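Colleague: Got a predicted structure here, sequence first:
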Amino acid sequence: MTFDAHSHLQLPEYDTDRPEVIARMRSRGVGTVTVGVDHASSEAALALAEKHPDIIWASVGTHPADGGLDAFDEAALERQAAHPRAVAIGECGLDYYRLGEDAEAVKKKQADVFRAHIRVAEKAGKTVMVHCRPKKGTDDAYEDLVTILEAERPRLKCVVVHFFVGSKEIAEKLITLGCHFTFGGVVTFARDYDVSIAAIPIERIMAETDAPFVAPVPYRGTRNEPGYVVEVVRKLAELKGVSFEAFQARTEETVRAVFGI
């Protein structure tokens, strides 16, 4: 199976044709972890994973920058985390891209909620799915992520840093902390990530779509979907200097180990 390690198949962008999108996944041999960004979307992810247990799994959590932090409920997340179709906790983490006027207060709130996700993941024995987005031209959010992960390391079973956009130096620090990384469609049309990808061991890399966002070439500019992850796998294989088949098999092994699938 070819795995899309991070999608949002439960979002409204698929409300008109979700069965067709899932049928295309099956025809291409694609499975996905569909990821919650708040309580409601996490519930929807779990429902999809229940309905299609052969190719869809769920991650449950609250995104740091989608306006849901004030409504975050740790007890409710614990209940979702206990669901047998939940294979990860998140997406959760730090997003410094647009902090606004109360930047320090927002950073503190994000960090507090992130640590709550880590507590829940520890209790559930599940992987943490991290969203980390720095201010443009910096590694600031990643630097704080490293600090938090260093402090929380004893609690952590496994960490996936989704849609990694950090520097080679940050990648090396996260590798030392045992993290895994996902890369999406952007790698098919931008060369900004090649140095980091080269520095990360192949067994720490997974492909994702982040669907419905950032479709890969040749679908760029359209709504993304999990079936398109094949193009991401193809490009990552090229960048790592291995065949499509070798990279697909290696990442399937990684996904199954990381998420217990």
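Modeller: Yep, that arrived. Residues are numbered from 1 along each chain as shown.
Colleague: With only the CA atoms kept, save the helix or strand containing V113 in PDB.
Modeller: Using DSSP states H and E, V113 sits in helix 103-124. In PDB, the C-alpha atoms belonging to helix 103-124 read as follows (Å, rounded to 0.1, in the frame of the first residue of the first chain):
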ATOM      1  CA  ALA A 103       2.300  37.300  20.300                       C
ATOM      2  CA  GLU A 104       3.800  36.100  23.600                       C
ATOM      3  CA  ALA A 105       0.400  35.300  25.100                       C
ATOM      4  CA  VAL A 106      -0.500  33.300  21.900                       C
ATOM      5  CA  LYS A 107       2.900  31.400  22.000                       C
ATOM      6  CA  LYS A 108       2.300  30.500  25.600                       C
ATOM      7  CA  LYS A 109      -1.300  29.300  24.900                       C
ATOM      8  CA  GLN A 110       0.000  27.200  21.900                       C
ATOM      9  CA  ALA A 111       2.700  25.600  24.100                       C
ATOM     10  CA  ASP A 112       0.400  24.800  26.900                       C
ATOM     11  CA  VAL A 113      -2.100  23.100  24.600                       C
ATOM     12  CA  PHE A 114       0.700  21.300  22.800                       C
ATOM     13  CA  ARG A 115       1.900  19.900  26.100                       C
ATOM     14  CA  ALA A 116      -1.600  18.800  26.900                       C
ATOM     15  CA  HIS A 117      -1.600  16.800  23.600                       C
ATOM     16  CA  ILE A 118       1.600  15.200  24.700                       C
ATOM     17  CA  ARG A 119       0.100  14.200  28.000                       C
ATOM     18  CA  VAL A 120      -2.800  12.600  26.200                       C
ATOM     19  CA  ALA A 121      -0.600  10.800  23.700                       C
ATOM     20  CA  GLU A 122       1.500   9.400  26.600                       C
ATOM     21  CA  LYS A 123      -1.700   8.100  28.300                       C
ATOM     22  CA  ALA A 124      -3.000   6.600  25.100                       C
END
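Colleague: Listing partners with orientation, what would you give for the helix or strand following it?
Modeller: From helix 103-124 onward toward the C-terminus, using DSSP H and E, the following helix or strand is strand 127-133. Each strand that strand 127-133 pairs with, and the sense of that pairing, follows from DSSP bridges: strand 86-95 (parallel), strand 159-162 (parallel).
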